[in-house]
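[1] output the structure for:
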Amino acid sequence: MKLFKNLFVCVGILIMINLNYSCERDDICTGDGTTPFLIIKFIDDDTQTEIKTPPELEVRALGDLGEGIDPVFPLPTLTDSIFIPLRTDMTTTGYEFVINSITTNDGTTPVPSNSDTINFTYTTDDEYVSSACGFKVNFRDFDGDLVIETGGANWIKNITIQTEDVTNEAEAHILIFH
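    Down below sits the predicted model:
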């Protein structure tokens with residue numbers, strides 16, 4: 001009987017050790033574990049340093065985004081910076097930036113909206129983060145090209161790329177002067 005008791009205790013200890021080593025810690029994806037958004041900050045073209053909020057900004061993605069995906073990104077009414085996604089299945093993403101998208105002067109006369117297009121080019125770099133997060137996509141060799149309108153009708157006067165690698169959301173990646 002004592003033999004069975006000792007055998008039972010030994011088997012119990014082995015099972016507990018096996019369970020302890022087979023368990024994994026809980027994986028929770030936190031911090032820098034997701035594909036970063038492109039951060040754009042709007043700057044006053046006259047001062048070159050002051051932040052300037054574009055009036056009634058609307059951002060529209062160009063091209064086919066897939067079924068059920070709205071190409072218009074809702075934005076808060078007053079903002080000096082925006083976060084927008086870049087395509088991970090291609091090496092280019094185009095956006096149309098529209099100001100005065102819903103304004104009227106006196107309730108009857110609409111203020112004409114003005115739209116400018118910027119095409120972003122980059123290479124994608126898949127990075128394994130963890131078992132909880134999986135992979136994220138970093139964007140390397142990032143560049144942006146403003147489409148110049150004839151007659152100088154662009155509301156965007158200039159763009160400046162702050163970093164060629166979009167790997168986090170800690171600071172602005174691009175400055176738009178208007």
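
[2] Gly151 and Asn138: what is the separation?
    38 Å (C-beta to C-beta, to the nearest Å). For glycine as for every other residue, the C-beta is placed from the backbone atoms N, C-alpha and C.

[3] chain neighbours aside, what residue packs nearest to the residue positioned nearest the centre of the chain?
    Nearest residue to the geometric centre of the chain (C-alpha atoms, centre = their mean): Phe37, 1.2 Å. Distances taken as C-beta to C-beta, 6 or more residues apart in numbering place Phe83 nearest to Phe37, at 4.0 Å, with adjacent residues excluded.

[4] coming back round to it: neighbour-wise, which of Gly151 and Asn138 wins?
    Asn138 (17 against 6; other C-beta atoms under 10 Å).

[5] state the helix or strand in which the spatially closest residue to Phe73 that is not a sequence neighbour lies.
    Excluding the flanking residues, the one nearest Phe73 by C-beta to C-beta, 6+ apart is Val59, at 4.6 Å. According to DSSP states H and E, Val59 maps onto strand 58-61.

[6] I'd like to know which elements that strand is packed against.
    strand 72-73, strand 92-99 (3 or more C-beta pairs under 8 Å, 6 or more residues apart in numbering; DSSP states H and E).

[7] ok, now which ones touch the closest residue to Thr160 other than its chain neighbours?
    Nearest non-adjacent residue to Thr160, counting by C-beta to C-beta, 6+ apart: Leu175, 4.5 Å away. Contact analysis of Leu175 by C-beta atoms under 8 Å, 6 or more residues apart in numbering lists 40-43, 159-160, 162.

[8] just to be sure, Ile13 is in a helix?
    Yes - judged by DSSP: H, G, I helix; E, B strand; the rest coil, Ile13 forms part of a helix.

[9] what pLDDT is listed against it?
    Listed pLDDT for Ile13 reads 71.
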